[in-house]
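mind looking at a prediction? Sequence and model below.
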Amino acid sequence: MSYLQNVLEQLKEKNAEQPEFIQAATEVLTSLEPVIAQHPEYEKAALLERLVEPERTIVFRVPWVDDNGKVHVNRGFRVQFNSAIGPYKGGLRFAPNVYLGIIKFLGFEQIFKNSLTGLPIGGGKGGADFDPTGKSDGEIMRFCQSFMTELYHHIGAETDVPAGDLGVGAREISYMFGQYKRLKNVYEGVLTGKGLPYGGLSGRTEATGYGVVFFAREMLKHFGETIEGKTVVVSGFGNVSWGTVQKLNHLGAKVLTISGPDGYIYDPDGVSTKEKEDFMLELRASGKNICAPYAEKFPNAKFFPGEKPWGVKADLYIPCATQNEIGMKEAEVMVKNGCKFICEAANMPTTNDAMAYLMENGVVFGPAKAANAGGVACSCIEMGQNAGHTVFSPEQVYEQLEKIMINIHDNAAAASEKYGLGYNLVAGANIAGFQKVADAMMAQGIV
Ligand code: 2IT
């Protein structure tokens, strides 16, 4: 058995209860085969064994009191996965299905994503099995304060800098920032995605979605095509979908769908006006986690309850909702409908078998860890803004974001080319992201 297969077997055995983590690690490690073959020194240094084991995992109790005085207890997590190239950096996810396997898959992906940005940030992720749906503002605040009352021991501007993810936006970040500052008596950039008056970065909110569309634009450009005039199927309706829809509209595409846990919306006129973009924000702010009201507000649109949008024909597909939203069943329909381009915006929205099937059938695939890295890249710019006690303009941010996304695309394409894999952005992103972290780990000794 090869070194790589051996590590994968051990990993599956040790983490049998964490299928999402196994999925993410398998996807990355298998595409490193040609790199590992050229570097026999990695095995001697147990580089891969160290890479798949988080440096530190913190699991903690989060007690809080609801509006009726009832006490609840949730489980909080922070996985500090890899600090070879910078302080741990990555979001916090509040969702009822959160457990260690979800946080580890996200943290593992984050190592390579952060490396791809070219910026000095390591990989981490955290969250809680807390369901924000239907919670009052006071309940959200008390939960965030309790969560931070434990987490603050383990983070800091030069140690570990969390941000948002599903269920955690500017409101939650701000409550956590307030509590951190109170406990530590330090005003520092310990969280990113803050409000603008207290250290937040102009443009961070839309950065992930804008970055995804810049990445998709580079993919299309490789085939002599443009975003302008393309039809696009988008899933989700949260922060990432919103930024994606906005930038697609700027560039002249037509967004046919958005979706939620309750079903999907098909809008034959396109999710194309400022009013429609703003309504996505309203849907999110409602705290109900449904997209159906869009079809009441815009009667030309149709709501398909309980369905996903992947059966709708389009030039480009951008999954923005959550992990594993495209499986084999969806992939088969997409291939039958002549799908040519997929650009992932959510983390790991495609299962490994669906991804392989789509690529075998000629679909050009932009992997999440490359395509959605614009969010964390701007988070790192926010860290720089805070550390430098300064403020950047939106123009400065957008300009850097666009450059970073073009670089990520070009570096992934070049890494794939270097190993004789043609234009394979999936393998190329894994290889380019890995190489920098591997070089740093090798240089820093057995730690
Ligand atoms: O998945 C992600 O990259 C994020 N949720 C953002 C992480 C960050 O630190 O901005």
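Received the coordinates, thanks. Residues are numbered from 1 along each chain as shown.

quick one: the helices in the stretch 1-150 of the chain?
Using DSSP state H, counting those that start in this stretch, the helices of the stretch 1-150 of the chain run over 3-14, 19-30, 33-38, 41-44, 47-51, 100-116, 137-151.

quick one: which of the ones you listed is nearest Lys221?
helix 100-116 (18.6 Å; C-beta to C-beta). For the C-beta atoms, the positions are set from N, CA and C on the backbone; glycine is no exception.

got JSON lines for the helices of the stretch 1-150 of the chain, with distance to the ligand too?
Output for the helices of the stretch 1-150 of the chain, formatted as JSON lines (distance: least, C-beta to the nearest ligand atom, whole Å):
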{"stretch": "helix 3-14", "distance to the ligand": "22"}
{"stretch": "helix 19-30", "distance to the ligand": "12"}
{"stretch": "helix 33-38", "distance to the ligand": "23"}
{"stretch": "helix 41-44", "distance to the ligand": "26"}
{"stretch": "helix 47-51", "distance to the ligand": "19"}
{"stretch": "helix 100-116", "distance to the ligand": "6"}
{"stretch": "helix 137-151", "distance to the ligand": "14"}
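
run through the residues of the stretch 151-300 of the chain sitting next to the ligand.
Within the stretch 151-300 of the chain, the positions adjacent to the ligand are 163, 165, 192 by C-beta under 6 Å from any ligand atom.

would you agree Lys184 is in contact with Leu151?
No - if you go by C-beta atoms under 8 Å, Lys184 and Leu151 don't touch, sitting 11.2 Å apart.

considering the residues of the stretch 151-300 of the chain next to the ligand, which possesses the most neighbours?
Neighbour counts for those peak at Thr192, which has 27 neighbours (criterion: other C-beta atoms under 10 Å).

and the residue of the stretch 151-300 of the chain found nearest the ligand, what are its bridge partners?
Per C-beta to the nearest ligand atom, Ala163 is where the stretch 151-300 of the chain lies closest to the ligand, at 3.3 Å. For Ala163, the beta-bridge assignment (DSSP bridges) gives partners Gly91.

which residues touch it?
89-92, 173, 191-193, 375-376, 379 (C-beta atoms under 8 Å, 6 or more residues apart in numbering).

just say helix, strand or coil for the residue in the stretch 201-350 of the chain positioned nearest to the ligand.
Nearest residue of the stretch 201-350 of the chain to the ligand: Asn347, at 5.3 Å (C-beta to the nearest ligand atom). Judged by DSSP: H, G, I helix; E, B strand; the rest coil, the three-state class of Asn347 is coil.

that one reaches Gln323, doesn't it?
Yes - counting by C-beta under 8 Å, Asn347 touches Gln323, with 6.1 Å between them.

identify the contacts common to those two.
Counting by C-beta under 8 Å, 6+ apart, the residues touching both Asn347 and Gln323 are Phe105.

how deep is the residue nearest to Gly327 when sequence neighbours are not counted tucked in, by neighbour count?
Excluding its sequence neighbours, the residue lying closest to Gly327 (C-beta to C-beta, 6 or more residues apart in numbering) is Thr351, at 4.8 Å. Residues within reach of Thr351, counting by other C-beta under 10 Å, total 19.

residue contacts, Thr351?
Going by C-beta under 8 Å, 6+ apart, Thr351 touches 23, 324, 326-328.

ok, it to the ligand distance?
Distance of Thr351 to the ligand, given as C-beta to the nearest ligand atom, to the nearest Å: 18 Å.

swap in Ser379?
Distance of Ser379 to the ligand, given as C-beta to the nearest ligand atom: 3 Å.

just the buried residues of the helix or strand harbouring that residue, please?
According to DSSP states H and E, Ser379 maps onto helix 374-387. For helix 374-387, burial by neighbour count (16 or more other C-beta atoms under 10 Å) applies to 374-383, 385-386.

go on, stretch 358-374?
By neighbour count on 16+ other C-beta under 10 Å, the buried set for stretch 358-374 is 358-359, 363-374.

neighbours of Gly178, just the number please.
Counted with other C-beta under 10 Å, the neighbours of Gly178 add up to 15.

quick one: what helix or strand has it in it?
In this structure, Gly178 sits in helix 170-184 according to DSSP H and E.

so what touches that helix?
Contacts for helix 170-184 (C-beta under 8 Å, 6+ apart): 92, 94, 132, 137, 140-141, 144-145, 147-149, 151-152, 155, 162-164, 187, 190-195, 198, 200, 205.

how does it look with 6 Å?
For helix 170-184, the external contacting residues (C-beta atoms under 6 Å, 6 or more residues apart in numbering) are 141, 144-145, 148, 152, 164, 190-191, 193-195.

following element in sequence after that helix, please.
The C-terminal neighbour of helix 170-184 among helices and strands, as given by DSSP H and E, is helix 204-222.
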